[in-house]
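Asks: next comes the sequence, and after it the predicted model I'd like to discuss.
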Amino acid sequence: MNTILNLGSMAASTGLLAAGLIFAYGVWLGHRDTGWRAAQGVLAAVMLGGVLPFMVIQWFPALLSYDSRNLASLFLTAALNIVGVLVAFLPWLVAVNWLEVLRREDPRT
């Protein structure tokens, strides 16, 4: 399993885009401080997604001895891939949550 922290991945790039967009939306609405907190939350989700492989390897050292002939090992690898895809969407989930918070604070609505 590759455990390199890769901030050039598509998930990290779109997470950084989400952080910038939610901050810009907060500034546009006149809630710069809330927009900044939202961007920090999205960036924290990006960092969690980047650091998660390191934590998984520490918790499950059996992943280092992957055996493709073992059925349990195949299921574990498939589960990790599914969790990886879900974690890739975590920054966007956080951004949408903050979007709702910013929309509720907007006095124009």
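Replies: Happy to help now that I have it.
Asks: I'd like the distance from the worst-scoring helix or strand of the chain on mean pLDDT to the chain centre, please.
Replies: One helix or strand of the chain scores below all others by mean pLDDT, DSSP states H and E: helix 71-88, with a mean of 77. Averaging C-alpha coordinates over helix 71-88 and over its chain gives two centres that are 16 Å apart (C-alpha atoms, centre = their mean, to the nearest Å).
Asks: that helix: which residues count as buried?
Replies: Neighbour counts over helix 71-88 (16 or more other C-beta atoms under 10 Å) mark 87, 88 as buried. C-beta coordinates here come from the backbone N, C-alpha and C atoms, glycine included.
Asks: let's number from 9 now, not from 1
Replies: Understood, numbering begins at 9; the last thing we discussed is helix 79-96.
Asks: mean confidence score for the next helix or strand along the chain from it?
Replies: Next helix or strand after helix 79-96 toward the C-terminus (DSSP states H and E): helix 98-113. Taken as a whole, helix 98-113 carries a mean pLDDT of 89.
Asks: stretch 40-59 too?
Replies: So the average pLDDT for stretch 40-59 ends up being 89.
Asks: which helices and strands does whichever helix in the chain runs longest pack with?
Replies: Looking across the chain with DSSP state H, the single longest helix is helix 40-67. Judged by 3 or more C-beta pairs under 8 Å, 6 or more residues apart in numbering; DSSP states H and E, helix 40-67 is in contact with helix 18-37, helix 79-96, helix 98-113.
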